[in-house]
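Okay, predicted coordinates and the sequence, questions at the end:
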2 protein chains.
Amino acid sequence: MTDTTWVEGAAGSLFDLDNLPYGVFSRPGEQPRVGVRIGEHVLDLAPVAELASAEGQSAASGLAAAWRNPTLNAFMALGPEEWRAAREWIMEVLGNDVHVARTTLHLHPLTDVELHLPVEVGDYVDFYASEHHASNVGRMFRPDQEPLLPNWKHLPVGYHGRSGTVVVSGTDVVRPMGQRKAPTEERPAYGPSQRLDIEAELGFVVGVGSAMGERVATADFAQHTFGVVGLNDWSARDIQAWEYVPLGPFLGKSFATSISAWVTPMAALDAAWTELPGQDDPEVLDYLHVHGPAGLDIEVEVVLDGEVVTRPPYRTMYWSPAQMLAHTTVNGASIRTGDLWGSGTISGPERDQRGSLLELSWGGKEPFTVAGRERTFLEDGDEVTLRYTAPGTSGGRIALGEVTGRILPAH
Amino acid sequence: MTDTTWVEGAAGSLFDLDNLPYGVFSRPGEQPRVGVRIGEHVLDLAPVAELASAEGQSAASGLAAAWRNPTLNAFMALGPEEWRAAREWIMEVLGNDVHVARTTLHLHPLTDVELHLPVEVGDYVDFYASEHHASNVGRMFRPDQEPLLPNWKHLPVGYHGRSGTVVVSGTDVVRPMGQRKAPTEERPAYGPSQRLDIEAELGFVVGVGSAMGERVATADFAQHTFGVVGLNDWSARDIQAWEYVPLGPFLGKSFATSISAWVTPMAALDAAWTELPGQDDPEVLDYLHVHGPAGLDIEVEVVLDGEVVTRPPYRTMYWSPAQMLAHTTVNGASIRTGDLWGSGTISGPERDQRGSLLELSWGGKEPFTVAGRERTFLEDGDEVTLRYTAPGTSGGRIALGEVTGRILPAH
């Protein structure tokens, strides 16, 4: 096995052998199926695995059937042993040039394929795990109180979102209609959201579920978590502000949540683990304890109107993904293959590290400049792209799947 | 077609021809499939429809395939024309005694079958549509403020719940573990919930979905809504109280939501429609307007320890199901076959009409007596059953599916 691939243009890129994210693709007139990305190509996995299986490579035999599906769910349900075997086998196929002749036929340029929602999403939970984000929101909305609410450092605050409106990167987002009421107005008005926003997040995808009544310990994170996606939790701040008391966000979030077409397997992030910023005061309850590096050193860029407007660093997140998963199941709630959870908006301590326009423009009061124009919330026609990179296992960097979406006018 | 059935013991019962709820059943060693309830029997629909179809009854031809599935989803997705055709055909088969000989073979006593979760649930949304419930909760938790929050009469407040832990009636419920903190305590404690509660609700099941960007008008309720289920939204009040600010309930609700095994089609409730209590002050926004009787006259009984402890009347609900559906989609969020929404706790104006133990015991401060014992919240071993009846279309009453569940100790 080698560190780099024979696939043209991929060696040394952000999508070399140390990355290998999975997705679902189709060519015109063909059925969607699982592929793996290498450089600017996608490898059609099932036929290559079938061939290997026919030749007696038993590692590939169980995988071909799973990869013939239009989502990653069947593959993800196989579990960590199979994920590892699959990754090693793909590294051999794309790394050893004895496989060139038979594999090239199944390698398609990304420009020739359509990418689909990679996962059939079960439940979608969104957390609120950035101390800087939660503090910023607290300062804006409750200026005369402590920015963090009393529960915030004791548990990763989260809530369920709408799984039926999770869409793949590239899907247009129609500006939502709804009720909003400014504090100065007597009655709510109905119309297009005037404070449409992004939330730059990371999403985690469950591979192996758990039964009702079980709890997933923080130490068992890797047994259950298949990989990560880029995630934009589009938010209509005016709709949310009016509706969210006392049961939380509903229509302000449910119109669309975009995730990347590529799911980066946890194994590709082995070099990205880093210490959490600290949870000493208060100390967390036992079921939330983590040992060793539980945070992820992932850099995020938010691109608006062609310019990077902010660079939220994931390593500043207060709560770790393992804690979010342990908390989700501490009451005995089951998880399922395909469940998705978002980290919550990633915001660092600096202004140019804030992960939402709400924070960047301080509630719309402090416009920021993009491409020479003053901006606050999203305008029709805006295209937003979230990009993510992390240290790879071979010393370089890898890219996670990017998430892009364009705002269409309300109708 | 007749008004009553030839099935033994069913004529004049709460499950006569004017009811006909659908469910999913299996006999030992057989696959789960769709059935319809008549009296104390379930009719295995697919084989009877296949027979009819083979004889050229075209109404039955499309249905057999849908009914062979282990959930109602394929049947529900067929849409209102097919729902109507199916109901008429079943009424003929079970009403006209020319069908006795060929049908009896496929009629199984309920005691011989296992009932399964009838629906593969997409998104689950829970509303808060009872003015009496919302006011009671407001009075308990915010005694020095107006009981209803400012948004409450302008929109049906709702939030997403966990669809992966929706379970069928009869499933045991393990007391959840979690964090709780009384206002008098300095730090949260971890342990079994000490304030475990029920919420007596009605659930509505989506048959026909909508596309993202579409809005479902209140007038189109019947085009999309397949039927109703009984629903118990088990709630851990202490976990909920500590976690729910600012993003709403999460673990206090996500451990289990029980629904009835039987889904009553909307057609069986034609005689149950009634006027809403009134929405004149304030008037609702246009997209929430309803015309004619939009409420449902359904009686509910909550049975604890063998005694009826409360009788919440559904006709007292402020918001109608058509308004809840219109609100869910007003921002362009799509709905899917199998989506489920709960009405929120049904509470009437009287003490013995309150739909939760929280209200019945006024936050635990005013114990009530069941079977000679003082009670507040649920104890291990408690069995709770919700029963529902409504006026039928033939002048008598019909029963909706009941929901039962027993509390097992935390582990």
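Here it is on my side, so go on.

When you work out contacts or count neighbours from here on, use the C-alpha atoms and nothing else.
Noted.

Dump the C-alpha coordinates for the helix or strand of chain A with the lowest mean pLDDT into CSV.
Between all helices and strands in chain A, the lowest mean by mean pLDDT, DSSP states H and E belongs to helix A:58-67, at a mean of 87. Coordinates of each C-alpha in helix A:58-67 appear next as CSV, following Å, rounded to 0.1, in the frame of the first residue of the first chain:
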residue,chain,number,x,y,z
SER,A,58,-13.2,-12.0,0.4
ALA,A,59,-12.8,-8.5,1.9
ALA,A,60,-14.7,-7.1,-1.1
SER,A,61,-17.5,-9.7,-1.2
GLY,A,62,-19.8,-8.3,1.4
LEU,A,63,-19.3,-4.7,0.3
ALA,A,64,-20.5,-4.8,-3.3
ALA,A,65,-24.1,-5.4,-2.4
ALA,A,66,-24.1,-2.5,0.1
TRP,A,67,-22.5,-0.2,-2.4
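
after it, next one along is what?
Next helix or strand after helix A:58-67 toward the C-terminus (DSSP states H and E): helix A:73-77.

I'd like to know if that following helix reaches chain B anywhere along the stretch.
No. Using C-alpha under 8 Å from any C-alpha of the partner chain, helix A:73-77 stays clear of chain B, with a minimum separation of 15.3 Å.

And the next helix or strand past that helix?
Next along the chain after helix A:73-77, taking DSSP H and E as the criterion, comes helix A:80-95.

Name the residues of that following helix that are buried.
Neighbour counts over helix A:80-95 (16 or more other C-alpha atoms under 10 Å in any protein chain shown) mark A:80, A:82-83, A:86-87, A:89-95 as buried.

can you put those in a markdown table and add distance to B:Pro28?
A markdown table is the format used below for the buried residues of helix A:80-95 (distance: C-alpha to C-alpha, whole Å):
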| residue | distance to B:Pro28 |
| --- | --- |
| A:Pro80 | 34 |
| A:Glu82 | 34 |
| A:Trp83 | 36 |
| A:Ala86 | 38 |
| A:Arg87 | 41 |
| A:Trp89 | 42 |
| A:Ile90 | 44 |
| A:Met91 | 47 |
| A:Glu92 | 48 |
| A:Val93 | 47 |
| A:Leu94 | 49 |
| A:Gly95 | 52 |
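
Can you tell me which residues in the stretch 1-150 of chain A are near chain B?
Residues of the stretch 1-150 of chain A lying near chain B (C-alpha under 8 Å from any C-alpha): A:122-123, A:149.

If we use 10 Å, what do you get?
A:121-128, A:138, A:149-150 (C-alpha under 10 Å from any C-alpha of the partner chain).

same for the least confident helix or strand of chain A, what does it pack against?
strand A:33-38, helix A:45-54, helix A:73-77, helix A:80-95 (3 or more C-alpha pairs under 10 Å, 6 or more residues apart in numbering or on different chains; DSSP states H and E).

which strands and helices sit next to the first one?
Strand A:33-38 is packed against strand A:22-26, strand A:41-44, helix A:45-54, helix A:58-67, helix A:80-95, strand A:107-109, strand A:114-116, with contacts defined by 3+ C-alpha pairs under 10 Å, 6+ apart.

Identify the neighbouring strands of that strand in the sheet and state each direction.
strand A:22-26 (antiparallel), strand A:41-44 (antiparallel) (DSSP bridges).

Now find how far off-centre the first one is within its chain.
Same thing as strand A:22-26. Offset of strand A:22-26 from its chain centre (C-alpha atoms, centre = their mean, to the nearest Å): 16 Å.

If we go by neighbour counts, what in it is buried?
A:22-26.

OK, contacts around A:Thr274?
Counting by C-alpha atoms under 10 Å, 6 or more residues apart in numbering or on different chains, A:Thr274 touches A:292-298, A:315.

Tell me the bridge partners for it.
Under the criterion used (DSSP bridges), A:Thr274 bridges to A:Gly295.

that older thread, tell me, which of the helices and strands packed on strand A:33-38 is the model least confident about?
Mean pLDDT per stretch puts helix A:58-67 lowest among the helices and strands packed on strand A:33-38, at a mean of 87.

That one relative to helix A:80-95, how many degrees between them?
On the basis of axes from the mean of the first three to the mean of the last three C-alpha atoms, to 10 degrees, helix A:58-67 is oriented at 100 degrees to helix A:80-95.

Need the residues that contact helix A:58-67.
A:24, A:33-35, A:44-55, A:72-78, A:82-83, A:85-86, A:88-90.

do you know how far the closest residue to A:Arg237 other than its chain neighbours is from A:Leu386?
Counting by C-alpha to C-alpha, 6 or more residues apart in numbering or on different chains, A:Arg237 lies nearest to A:Arg195, which is 5.3 Å off, once chain neighbours are set aside. Noted for A:Arg195: a distance of 19 Å to A:Leu386, by C-alpha to C-alpha, to the nearest Å.
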